[in-house]
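Student: The following comprises the amino acid sequence and a computationally predicted model.
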Amino acid sequence: MNHFLDIHKTDPAALRSMIDHAGAMKSARADRPKGAPDDEQPLAGRMVALIFEKPSTRTRVSFDVGVRQMGGQTMVLSGADMQLGHGETIADTARVMSRYVDLIMIRTFDESVLSEMAEYADVPVINGLTDRTHPCQIMADVMTYEEHRGPIAGKHVVWTGDGNNVCASFLHAAGKFGFDLTFTGPPQLDPEEEFVGLARQQGSRVTIERDPAKAVAGADLVVADTWVSMHDAQSARERRHNMLRAYQVNAALMAQAKPDALFMHCLPAHRGEEVTSEVMDGPQSVIFDEAENRLHAQKAVMRWCLGL
């Protein structure tokens, strides 16, 4: 049984197969209505549970649409619907859900909830996001880069801002896909040392550079994310803005990267904060291709999980 819990826990050949399969499925849908089913219906007769303890736009819509395009059905559940870990243990919930559905995607806070769900489920479990990692997003990001610029292996990726869960999964991907990563941000928000070490152990060059202009010099890809969480208090938001203001991605910063460098952001973005509208809407931005590719990458992940 193939769980998709984190990129660093997945074989590189499987990751490459998923990226290639995602591209093939996207190409097969070219010029077709968005609501039209895929020619292949590998999920016909299958039920997928989509569990959301955290609010979501792209994850919810892309998984739901992806399942439907492949002929399956979805059951969308919120944490409030299920009382995960409150009225019933995660383990018991996993055992029960396994009797009803063929696949579980969960978007949650604590990584332990994901781990326990996978440990006790008798069906594959997909990490739709935890506070620590976001692997589905990075699968879409790698796919998007390679659509525009070819293989990501050997490229220089720069993450600017907060070393958060998306940054963590980029570090996991660096080791698996063979690219280098520079983090630029304040020391209080550095990525986890464990994840930096994992990437370095697999041969990727990981650099911490406090000066954003130096960090971005020669970059093939510049990536940013929101500075604040929807759950942060106003006082925390103000502190983060003060810490991160120097790391805003604007036209001057992008000018330090390679002329053909791309800009990515997993969205939602706070325009004028972590990135300017000039960059988001500019010729180097691929943020909406990136958002679309969540659909295609996750379809490939689901098929891999189910051996389809």
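Tutor: Great, that's in hand.

Student: quick one: the strands in this protein?
Tutor: 47-52, 73-78, 103-107, 125-129, 156-160, 180-184, 206-208, 221-224, 262-265 (DSSP state E).

Student: could those be laid out in a markdown table, adding mean pLDDT and distance to residue 195?
Tutor: C-beta: built from backbone N, CA, C; applies to glycine. Below are these laid out as a markdown table (pLDDT from 0 to 100; distance: least, Cβ to Cβ, whole Å):
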| stretch | mean pLDDT | distance to residue 195 |
| --- | --- | --- |
| strand 47-52 | 97 | 25 |
| strand 73-78 | 95 | 29 |
| strand 103-107 | 97 | 20 |
| strand 125-129 | 98 | 15 |
| strand 156-160 | 98 | 11 |
| strand 180-184 | 98 | 10 |
| strand 206-208 | 98 | 9 |
| strand 221-224 | 98 | 15 |
| strand 262-265 | 98 | 19 |
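
Student: The ones you listed: which one's closest to residue 14?
Tutor: strand 125-129 (13.5 Å; Cβ to Cβ).

Student: hmm, back to that, could the strands of the chain go into TSV alongside distance to residue 191 and mean neighbour count?
Tutor: As requested, the strands of the chain are exported to TSV (distance: least, Cβ to Cβ, whole Å; neighbours: other Cβ atoms under 10 Å):
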stretch	distance to residue 191	mean neighbour count
strand 47-52	25	22
strand 73-78	30	16
strand 103-107	21	26
strand 125-129	16	26
strand 156-160	8	26
strand 180-184	6	22
strand 206-208	9	15
strand 221-224	12	27
strand 262-265	17	25
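
Student: Can I get these in a markdown table including distance to residue 27?
Tutor: What follows is these, written out as a markdown table (distance: least, Cβ to Cβ, whole Å):
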| stretch | distance to residue 27 |
| --- | --- |
| strand 47-52 | 24 |
| strand 73-78 | 24 |
| strand 103-107 | 24 |
| strand 125-129 | 23 |
| strand 156-160 | 25 |
| strand 180-184 | 29 |
| strand 206-208 | 33 |
| strand 221-224 | 22 |
| strand 262-265 | 20 |
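
Student: closest to residue 141 out of these?
Tutor: strand 262-265 (5.8 Å).

Student: As CSV, could you dump the C-alpha coordinates of that closest one?
Tutor: Taking C-alpha atoms only, strand 262-265 is exported to CSV below (Å, rounded to 0.1, in the frame of the first residue of the first chain):
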residue,chain,number,x,y,z
LEU,A,262,10.6,32.0,-12.7
PHE,A,263,8.6,33.2,-9.7
MET,A,264,6.2,30.9,-7.8
HIS,A,265,3.9,31.3,-4.8
